[in-house]
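J.: Provide a 3D model corresponding to the input given below.
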Amino acid sequence: MTADPVARAVLRRLAELRPPDDPLHAFATTVLTGEATLRAAATHPAFTEALQATLEATLEAALHEAALHEAALHDDRHRTVAGRGEARG
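T.: Numbering: from 1, shown residues only. This next block holds a predicted model:
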């Protein structure tokens, strides 16, 4: 078990959201029940692949979201500049 209340809350939520046959559910319940420490569970081969895949998917989604945000900012800037040109003409 971990003494960090934020880590415990995240693990509880992970256990609630993931189906029982999901490796991340098993990871969370392993730590919450005290069967293993957070560090031991995170380095256990049974869980490292699932944690890595989740991290990669999360980073990919964040990068995609950032790219969409950047494109929207670019479009807004372009409209603002174009609008200024039309007002002058």
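
J.: just checking, what packs against the strand or helix carrying Thr54?
T.: With secondary structure defined by DSSP states H and E, Thr54 is part of helix 45-88. Secondary-structure packing of helix 45-88 (3 or more CB pairs under 8 Å, 6 or more residues apart in numbering; DSSP states H and E): helix 23-32, helix 38-43. (Glycine included, C-beta is placed from N, CA and C.)

J.: So which bits of stretch 39-55 are buried?
T.: Within stretch 39-55, the residues that qualify as buried are Ala41, Phe47, Ala50, Leu51, counting by 16 or more other CB atoms under 10 Å.

J.: now that stretch, how far from the centre of its chain.
T.: If you compare the mean C-alpha spot of stretch 39-55 with that of the full chain, they lie 15 Å apart, counting by CA atoms, centre = their mean, to the nearest Å.

J.: got it, and stretch 21-36?
T.: Its chain's C-alpha centre lies 18 Å from the corresponding centre of stretch 21-36 when counted by CA atoms, centre = their mean.

J.: All set, thanks.
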